[in-house]
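Asker: Build me a model from this:
(one chain, ligands or ions: 2)
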Amino acid sequence: MTKAANLGFPRIGAKRELKQATEAYWKGAIDAPALLAAGAALRARHWQLQKEAGIDVIPSNDFSFYDQMLDMTATVGAIPPRFLADADAKPTHPNGSARGAMEAAANGQGNPALDLYFAMARGSKAAPAMEMTKWFDTNYHYIVPEFYKGQAFKLSSRKAIDEFKEAKALGIHTRPVLIGPVTYLVLSKAKSEGLDPLSLLDTLLPVYAELLAELKTAGADWVQMDEPILALDLTQPQRRALRLAYKHLAPHAPKIMVASYFGTYGDNLSVAADLPVQGHHVDAVRGWAEVDKVLSALPAERTLSLGVVDGRNVWRTNLWGAFEIIERAMKARGGDNLQIAPSCSLIHAPVDLDNETKLDPELKSWMAFAKQKLHEVAALAVAASKGQAAVGTAFEASDKAARAREASPRIHNPEVAARIEHVTEQDLTRRSSFQARRAKQRAAFGLPAFPTTTIGSFPQTEAVRKARAAHKRGEMSDAAYGEFLREETEKAVRIQEELDIDVLVHGEFERNDMVEYFGEQLSGFAFTQNGWVQSYGSRYVKPPVIFGDVSRPKPMTVEWSSYAQSLTKRPMKGMLTGPVTILQWSFVRDDQPRSVTCQQIALAIRDEVLDLEKAGIRLIQIDEPALREGLPLRAAEHEAYLKWAVDCFRLAAAGVADATQIHTHMCYCEFNDIMPSIAALDADVISIETSRSDMELLESFSDFKYPNEIGPGVYDIHSPRCPGAQDMTALLKKAKERLAPDQIWVNPDCGLKTRRWEEVKPALENMVAAAKAMRGRA
Ligand code: GLN
Ligand code: ZN
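Answerer: Ligands and ions are numbered 1, 2, ... in the order given. Below you'll find the model as predicted:
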């Protein structure tokens with residue numbers, strides 16, 4: 001019998017119940033037992049839902065109050081010392097510090113383990129939060145484990161065992177999910193000089209062995225060990241660690257299903273096949289081309305979990321296409337040791353399409369969220385066991401939807417296709433070299449040395465958010481809302497003039513989100529009501545859905561930028577989101593290459609750029625904060641991606657006259673390895689976030705001899721502390737050591753929308769003072 005399996009279900013709840021509960025707990029509005037009960041209710045509901053969907057292999061321990069990597073850190077007891085040492089802190093709130101949490105618990109107010117856990121994720125009064133970073137190439141962020149010299153591990157949380165038993169008590173036999181030890185170590189960070197996290201494997205394995213043995217005792221017959229690093233380029237020591245780890249763990253453990261996802265096994269296939277485990281999961285969506293190789297590489301007695309339903313998007317699976325892969329597997333290995341599964345955990349998909357009551361029915365008929373994807377998995381498993389006829393209606397419906405989608409005029413826009421076909425190298429190239437453009441721009445703007453500007457957004461105050469919500473609910477008229485936004489914009493312009501900033505921005509008050517704002521105005525985009533996915537902790541995002549050819553029916557930002565420019569004599573910077581970032585932060589159609597969809601967006605942005613220029617906006621910023629994160633997981637694929645991503649930016653930007661200055665902005669990413677591509681964007685000015693690294697980041701720009709102008713962020717917008725003028729002058733001096741003085745702009749790290757005006761004003765005042773001090777010196 002072929003089984004239907006799942007690797008993980010979204011824990012956030014169809015109505016974002018987990019967010020409500022955790023945030024209420026953080027505010028002190030509910031107590032720990034209430035939060036724990038909310039978690040248990042979600043788990044029970046999700047197990048039941050999976051059972052009802054026909055899933056045979058249901059995961060447990062895929063639930064988390066914050067993050068599965070942090071759960072693993074809590075499980076192996078790798079609590080960074082600073083969270084245990086802040087005993088003298090005087091917390092004002094139960095989760096203010098570890099000791100505070102303990103005290104609160106003693107007073108019956110809190111749950112120490114839980115509060116310590118949240119302190120690690122979010123920081124406490126005395127200890128800054130652990131770092132967070134992107135989970136592979138997803139938009140999910142995990143808490144990075146930290147290790148120190150002499151690091152010890154100890155089984156410190158029984159969550160995996162408790163949740164297995166909890167499900168069992170509800171009559172559901174689950175397969176517990178753990179982050180595998182090697183992925184856990186590879187994704188961690190050593191905080192002591194000279195420490196290699198992999199060297200901790202020997203110390204770590206006994207804790208894993210203890211946990212696995214306990215799971216076995218509790219009745220688990222299988223565990224799922226997630227080792228998604230198998231989809232990365234691995235070093236020899238990493239491969240050796242995998243072999244060592246599973247050799248050590250297998251004797252103590254229930255049967256082990258090693259799960260790799262987000263890509264192919266590639267040259268790691270033999271490493272995986274040699275592990276002494278009983279099952280392997282393969283991502284047959286991204287790895288469809290290697291399925292035959294996987295089939296022949298795996299010993300016949302192993303269980304193969306075939307991930308044929310895409311866990312990373314919102315599209316319905318073409319069951320016929322998926323079944324074709326399953327048939328190949330059955331032919332090669334028979335149907336008995338076979339499981340049908342999503343390609344990866346479903347936490348990267350929204351929860352339930354049934355809750356989308358406003359989505360237009362045609363689009364909805366093409367889509368599937370986590371719950372619907374499980375029905376697809378189940379139907380495929382039944383088809384494998386009993387033949388398609390047993391689930392004939394599911395196959396027919398899928399086929400009908402696939403054909404309707406393919407033929408729908410809403411997807412294809414011949415004009416867009418024709419434009420793409422006629423794009424030439426010339427369209428991607430500015431008319432003159434940077435040097436020639438620079439001379440014209442200098443003459444046109446007459447800016448001082450070390451010109452000051454900001455990244456775009458100004459505080460989205462309570463008033464701004466309230467007005468937007470009221471307008472959205474229909475309680476505020478278009479006219480009243482427009483008037484309100486104009487007033488906010490004017491206020492922002494006046495403040496910038498008073499601060500004596502050189503290049504102004506309009507403030508982005510009319511924007512909810514830098515991608516959604518454009519998606520709402522472009523054709524080919526749809527929006528869901530509840531299509532939330534977890535980004536980190538209690539932060540969820542609701543990405544737009546790109547379903548069809550993208551085009552721009554009319555100008556999107558010209559009115560706001562022109563209005564703002566009309567208020568001032570100083571240059572006003574137009575503000576756009578770049579094509580790669582729009583692509584990266586959306587659910588993208590799966591029926592054409594991402595590069596083509598990106599080109600379409602680029603053409604729409606290009607039209608906007610040219611309309612802004614026509615309207616007299618002479619500086620235009622095209623933000624690409626997500627350019628780096630689109631980088632494929634395997635080095636062999638980097639070049640191709642960077643080529644089309646850079647070309648898309650250039651297609652958006654290059655249509656303007658020499659005297660029009662193109663800015664771009666990037667933040668919170670590693671720049672070093674993509675310097676040539678950043679230079680190839682050929683933006684006249686790039687602003688980047690650097691204050692975190694104390695200008696060290698600039699090394700890559702100076703080593704590379706980056707030719708164009710740069711605004712290294714001099715002020716960390718996440719810090720509640722107001723940076724002093726001297727701090728910023730010091731940073732600028734450091735920048736001057738690495739860059740030519742006439743290359744340097746002065747700006748904050750990123751947009752200021754999350755700050756308050758009371759914080760922003762003095763900080764910018766100091767920033768301008770720092771720039772002026774540099775001019776005196778320059
Ligand atoms: N222009 C945007 C802003 O200021 C840029 C945001 C970003 O880099 N993520 O908000
Ligand atoms: Zn930014």
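Asker: Give me the neighbour count for the nearest residue to R11 once chain neighbours are set aside.
Answerer: Distances taken as C-beta to C-beta, 6 or more residues apart in numbering put F63 closest to R11, at 4.7 Å, once the chain neighbours are dropped. C-beta: built from backbone N, CA, C; applies to glycine. When neighbours are defined as other C-beta atoms under 10 Å, F63 has 23 of them.
Asker: Where does F63 sit, in terms of helix or strand?
Answerer: Assigned by DSSP states H and E, F63 belongs to no helix or strand.
Asker: Mind jotting down where the strands sit in the stretch 51-200 of the chain?
Answerer: Counting by DSSP state E, counting those that start in this stretch, the stretch 51-200 of the chain has strands at residues 58-60, 132-134, 141-143, 146-147, 174-179, 189-190.
Asker: ok, of the ones you listed, where does mean pLDDT dip lowest?
Answerer: Note on the strands of the stretch 51-200 of the chain: lowest mean pLDDT is at strand 132-134, with a mean of 89.
Asker: So for that strand, what gets flagged as buried?
Answerer: Residues 132, 134 are the ones in strand 132-134 that count as buried (16 or more other C-beta atoms under 10 Å).
Asker: List the single closest residue to the residue nearest to the spatial centre of the chain in space, sequence neighbours excluded.
Answerer: Geometric centre of the chain, nearest residue: N139, 1.5 Å, by C-alpha atoms, centre = their mean. Excluding the flanking residues, the one nearest N139 by C-beta to C-beta, 6+ apart is S535, at 5.8 Å.
Asker: so what's the backbone phi/psi at that neighbour?
Answerer: Main-chain dihedrals, S535, degrees, to the nearest 10: phi -100, psi -50.
Asker: okay, it: pLDDT?
Answerer: pLDDT, read off for S535, is 95.
Asker: and what of E516?
Answerer: On the pLDDT scale, E516 gets 96.
Asker: do the same with A404
Answerer: We have a pLDDT of 96 for A404.
Asker: got a list of what it touches?
Answerer: 362, 365-366 (C-beta atoms under 8 Å, 6 or more residues apart in numbering).
Asker: Can you select the buried ones among those residues for me in ChimeraX?
Answerer: If you want just the buried ones from those in ChimeraX, going by 16+ other C-beta under 10 Å, the selection is:
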select :365,366
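Asker: Contact residues of the stretch 551-700 of the chain facing ligand 2?
Answerer: When proximity is defined as C-beta under 5 Å from the ion, the stretch 551-700 of the chain approaches ligand 2 at 625, 667.
Asker: which residues of the stretch 551-700 of the chain score low on pLDDT?
Answerer: 691-692 (pLDDT under 70).
Asker: and the residue of it found nearest ligand 2, how many residues sit next to it?
Answerer: Proximity of the stretch 551-700 of the chain to ligand 2 (C-beta to the ion) peaks at C667, 3.2 Å away. By the criterion of other C-beta under 10 Å, C667 has 20 neighbours.
Asker: Now do the contacts for the residue nearest to N139.
Answerer: 139-141, 541.
Asker: Among these, which one sits closest to Q426?
Answerer: Distance ranking of the contacts of S535 against Q426, using C-beta to C-beta, places N139 first at 34.6 Å.
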